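**Q** next one to model:
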Amino acid sequence: MTDEELERLTTIEKRIGELAEEFGLRTTEIDFEIVSPQKMMEAMAYMYPTNFSHWSRGRDFERLKTIYDYTGSGLPYEVVWNFKSPRAFLMKTNPFILNVVVMAHVYGHVDFNLRNTFVSRGRELVDIATEARHAVKRFEEYENKYGKERVEKVIEAGLSMQWLQNPNPLAEEMDEDVLRERLLELAQAKLKKARGKNSNFAKKASDNEISQLEINIKKLKFKTPPEPTYDVLGYIIKHSRRLQDWQKDILSVIRTQANSLMKQARTKLLNEGWATYWHTHIMRKLFEEGWFDHEDHEVYTKFHSAVLAENKMGFNWYRIGYGLYEYIKERWDKGQFGPAWEKETNSNKRAQWDTGAMLGAEKLFKVSENLTDRMAIEEFFTDEFIHREQLYVYAEVPNFMRPGESRYVIVEDDPEVIRALLVAQHTSYGAPMISIWDGNYKNNGELYIKHHFTGFELDSIYENGALEYFYFVWGKPVYLETVEIDVDQDMATGERIVEQIPILHIYNGRKHSIQYLENSKLP
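**A** Okay, here's the model as predicted:
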């Protein structure tokens with residue numbers, strides 16, 4: 001990029017910031033840096049501008065480099081970090097007009113990151129950029145003192161568990177002692193009620209029921225955790241007797257980064273849709289004001305169309321998010337909401353419904369501020385929207401009319417099924433739901449964890465490896481309650497029968513073993 005182009009880009013960025021404010025977006029100073037493709041690959045592989053080293057970073061870098069070297073693709077147009085002082089990379093190989101689009105897109109991201117309750121909370125909890133930079137130095141000291149292999153072993157264990165987090169984005173981990181006291185207060189109140197001491201009209205429980213409540217209270221005083229926790233790394237860091245302080249520090253860094261990244265992952269659809277929605281409006285205004293010529297417009301249209309292209313073998317969240325905001329604005333501008341709208345069943349009346357409410361813009365800002373992707377899917381992915389955006393499940397099959405080519409056919413278009421699929425995807429984000437039930441199982445300091453089945457059984461290879469990492473950081477046998485799926489067919493009806501078989505997978509540091517459970521036998 002020439003000095004003249006850089007100066008022009010700086011001038012245009014100032015106007016983009018002004019337009020963003022005119023549209024009602026929250027703005028702050030953004031650090032834009034124009035970088036080489038190599039630098040962009042490093043940013044993607046290391047997750048942050050500066051981060052701790054691990055062999056997996058090099059693997060990811062080489063994969064990106066190979067794709068880029070042979071295809072010229074595989075890299076994003078931009079990378080933006082949700083830091084207290086937002087930072088974004090633009091690629092110097094981008095056409096000039098594309099970097100303008102990217103800057104407008106970044107302003108949309110920054111507004112969303114400042115506005116959205118969940119994303120902004122992640123930024124407020126910790127200055128992740130500073131933490132990552134400081135971690136680099138500490139990790140290097142650990143390598144010099146304890147050896148690279150030992151350090152990498154801890155990192156690998158942490159990375160294997162980093163996404164085992166609470167599926168509820170509103171959940172906040174409470175101090176274990178505080179939680180135990182609250183649970184004991186509730187249990188004591190329940191016991192008092194069972195004894196009939198709260199009221200002359202309360203029915204006294206049986207002696208056996210009272211005895212069981214007393215036993216539960218005694219157990220609760222020493223049970224760890226007091227109730228199941230999804231914060232797997234947090235619990236291990238606090239309670240593992242095997243780990244040394246430097247190892248706990250490594251796991252803490254990984255946990256902090258993963259928690260921050262997961263808060264952004266929970267809003268990827270809304271965030272990318274928001275940035276795309278506003279870059280579209282900002283670019284439209286810039287073209288109206290005469291900042292660019294016809295040739296620029298052709299280049300812009302090409303890249304904008306690529307961003308919004310349909311992907312039949314997956315979901316393009318830029319396209320779907322943009323379409324969602326357009327859909328919401330259209331409905332709320334026409335007053336297509338509320339009891340009267342919900343009760344109306346006549347399709348013609350619904351199609352022509354327009355009260356002139358013009359509340360679309362206000363609704364958009366509320367959605368971007370208060371929802372996660374899952375919430376948005378549950379509330380706004382109506383049958384109408386799913387059919388409008390053709391959010392179907394496709395399969396690629398041979399095109400017999402044109403040998404050697406393939407075509408896509410719809411294999412699922414039921415909105416109810418599609419919604420269920422998307423909700424499931426946006427609950428665990430591909431990671432299994434694991435919680436720790438007992439850190440002192442059999443009163444011997446052993447670890448009992450549970451897999452919460454959501455429709456897919458665990459992959460046996462990853463399952464074995466994960467339990468070995470659990471043993472590595474815990475130091476004692478690990479018990480995993482999960483299920484095996486048995487598929488059979490009714491010989492009389494031909495009906496497919498799917499059975500969930502509870503199992504207990506045990507790893508004692510030397511070998512894996514499986515016990516079949518008649519029923520769940522949680523401690």
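**Q** number of nearby residues for Trp332?
**A** Trp332 has 20 neighbours, counted by other C-beta atoms under 10 Å. From N, CA and C alone the C-beta is placed, and that goes for glycine too.
**Q** that one and Ala357 touch, don't they?
**A** Yes - shown here, Trp332 and Ala357 form a contact pair, counting by C-beta atoms under 8 Å, at 6.5 Å.
**Q** and the gap between Gly17 and Asn116?
**A** Gly17 is 20 Å from Asn116, where distance means C-beta to C-beta, to the nearest Å.
**Q** with neighbour numbers in mind, choose between the two.
**A** Asn116 (25 against 20).
**Q** wait, what's in contact with that one?
**A** 267, 270-271, 368-370 (C-beta atoms under 8 Å, 6 or more residues apart in numbering).
**Q** among those residues, name the ones in helices.
**A** 270-271, 368-370 (DSSP state H).
**Q** what strand or helix carries Tyr325?
**A** helix 317-333 (DSSP states H and E).
**Q** which positions in whichever helix or strand Tyr235 is part of come out as buried?
**A** Using DSSP H and E, Tyr235 sits within helix 232-239. For helix 232-239, burial by neighbour count (16 or more other C-beta atoms under 10 Å) applies to 232-237, 239.
**Q** and if you look at stretch 504-517?
**A** So for stretch 504-517, counting by 16+ other C-beta under 10 Å, buried means 504-507.
**Q** tell me where the model's unsure across the stretch 1-150 of the chain.
**A** In the predicted model, the stretch 1-150 of the chain carries pLDDT under 70 at residues 68-76, 122-126.
**Q** before we move on, back to that, show me which of the buried residues of stretch 504-517 is closest to Glu310.
**A** His505 (41.3 Å; C-beta to C-beta).
**Q** Thr482 is in contact with the closest one, correct?
**A** Yes - counting by C-beta under 8 Å, Thr482 is a contact partner of His505 at 6.3 Å.
**Q** between those two, which contacts overlap?
**A** Glu463.
**Q** sec struct for Val106, please.
**A** helix (DSSP: H, G, I helix; E, B strand; the rest coil).
**Q** and the gap between Tyr441 and Glu78?
**A** Distance from Tyr441 to Glu78, by C-beta to C-beta: 48 Å.
**Q** these two: which is more packed in?
**A** Glu78 (22 against 17).
**Q** circling back to that earlier point, pLDDT on the helix holding Tyr325, on average?
**A** Regarding helix 317-333, the rounded mean pLDDT is 95.
**Q** quick one: which of the buried residues of stretch 504-517 sit in strands?
**A** Among the buried residues of stretch 504-517, the members falling in strands (DSSP state E) are 504-507.
**Q** what's the closest of these to Tyr107?
**A** His505 (48.9 Å).
**Q** who touches the closest one in this structure?
**A** Counting by C-beta under 8 Å, 6+ apart, His505 has contacts 463, 467, 479-482, 512-514.
**Q** I'd like the buried residues of stretch 504-517 written out as TSV, with pLDDT added.
**A** Formatted as TSV, the buried residues of stretch 504-517 follow (pLDDT from 0 to 100):
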residue	pLDDT
Leu504	93
His505	94
Ile506	95
Tyr507	95
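**Q** quick check, nearest of these to Gln188?
**A** Closest approach to Gln188 among the buried residues of stretch 504-517 (C-beta to C-beta): Leu504, at 32.8 Å.
**Q** excluding chain neighbours, what is closest to that closest one?
**A** The shortest distance from Leu504 to any non-neighbouring residue, by C-beta to C-beta, 6 or more residues apart in numbering, is to Gln515 (4.3 Å).
**Q** for that neighbour, give me phi and psi.
**A** phi -120, psi 140 (degrees, to the nearest 10).
**Q** Tyr277 now?
**A** Torsion angles, degrees, to the nearest 10, at Tyr277: phi -60, psi -50.
**Q** that one contacts Glu326, correct?
**A** Yes - assessed by C-beta under 8 Å, Tyr277 is found in contact with Glu326 at 7.4 Å.
**Q** the more surrounded of these two?
**A** A count of neighbours by other C-beta under 10 Å puts Tyr277 above the other of Tyr277 and Glu326, at 22 against 17.
**Q** contacts only, for the more buried one.
**A** By C-beta under 8 Å, 6+ apart, Tyr277 lies in contact with 108, 321-322, 325-326, 364.
**Q** what about it, distance to Phe118?
**A** 19 Å.
**Q** farthest pair within the contacts of Tyr277?
**A** Gly108 and Glu326 (14.3 Å).
**Q** show me where the stretch 401-523 of the chain has strands.
**A** Ranges of strands in the stretch 401-523 of the chain, per DSSP state E, counting those that start in this stretch, are 406-412, 433-441, 446-452, 478-489, 496-507, 512-516.
**Q** nearest to Thr27, of those?
**A** The closest of these to Thr27 is strand 433-441. By C-beta to C-beta, the value is 37.9 Å.
**Q** number of nearby residues for Leu220?
**A** Neighbour count for Leu220, taken as other C-beta under 10 Å: 16.
**Q** quick one: it is in a helix?
**A** Yes - counting by three-state DSSP, Leu220 is part of a helix.
**Q** surely it meets Leu183?
**A** Yes - assessed by C-beta under 8 Å, Leu220 is found in contact with Leu183 at 5.9 Å.
**Q** what sits in contact with each of the two?
**A** Pro226.
**Q** spatially central residue in this protein, please.
**A** Nearest residue to the geometric centre of the chain (C-alpha atoms, centre = their mean): Ala265, 3.2 Å.
**Q** could you find the closest non-adjacent residue to that one?
**A** That would be Tyr429: by C-beta to C-beta, 6+ apart, it lies 5.7 Å from Ala265.
**Q** look at the one you found and report its pLDDT.
**A** Note on Tyr429: pLDDT of 74.
**Q** next, count neighbours for it.
**A** Counted with other C-beta under 10 Å, residues neighbouring Tyr429 total 16.
**Q** phi, psi of it?
**A** phi 50, psi 40.
**Q** which regions of the stretch 301-450 of the chain sit below the pLDDT cut-off?
**A** For the stretch 301-450 of the chain, no range has pLDDT under 70.
**Q** which of the three states applies to Gln165?
**A** Gln165 ends up coil, using three-state DSSP.
**Q** where's it relative to Tyr48, distance?
**A** On the measure of C-beta to C-beta, Gln165 and Tyr48 end up 19 Å apart.
**Q** between the two, which one's more packed in?
**A** Each of Gln165 and Tyr48 has its neighbours counted (other C-beta under 10 Å); Gln165 has more, 25 against 21.
**Q** coming back round to it: correct me if wrong: the residue nearest to Ala265 contacts Trp163.
**A** Yes - the pair Tyr429 / Trp163 is scored as a contact, 7.0 Å apart, by C-beta under 8 Å.
**Q** mutual contacts of those two, please.
**A** Common neighbours of Tyr429 and Trp163 (criterion: C-beta under 8 Å, 6+ apart): Met262.
**Q** how is this structure partitioned into domains?
**A** Split into domains by automatic domain parsing, the chain comes to 3-116+267-299, 176-263, 308-426, 432-516.
**Q** need the phi and psi values for the closest residue to Ala431 other than its chain neighbours.
**A** Spatially, and ignoring its direct neighbours in sequence, Ala431 is nearest to Trp163 (3.8 Å; C-beta to C-beta, 6+ apart). Per-residue torsions, Trp163: phi -90, psi 10 (degrees, to the nearest 10).
**Q** do the same with Thr10
**A** Main-chain dihedrals, Thr10, degrees, to the nearest 10: phi -60, psi -40.
**Q** where along the stretch 251-400 of the chain do the strands fall?
**A** So, for the stretch 251-400 of the chain - with DSSP E, counting those that start in this stretch - the strands run 393-398.
**Q** hmm, Ala395 is touching Arg407, no?
**A** No - checked against C-beta under 8 Å, the pair Ala395 and Arg407 is beyond contact range at 9.8 Å.
**Q** for the residue nearest to Glu289 when sequence neighbours are not counted, give its distance to Thr130.
**A** Distances taken as C-beta to C-beta, 6+ apart place Arg15 nearest to Glu289, at 7.8 Å, with adjacent residues excluded. Going from Arg15 to Thr130 by C-beta to C-beta gives 32 Å.
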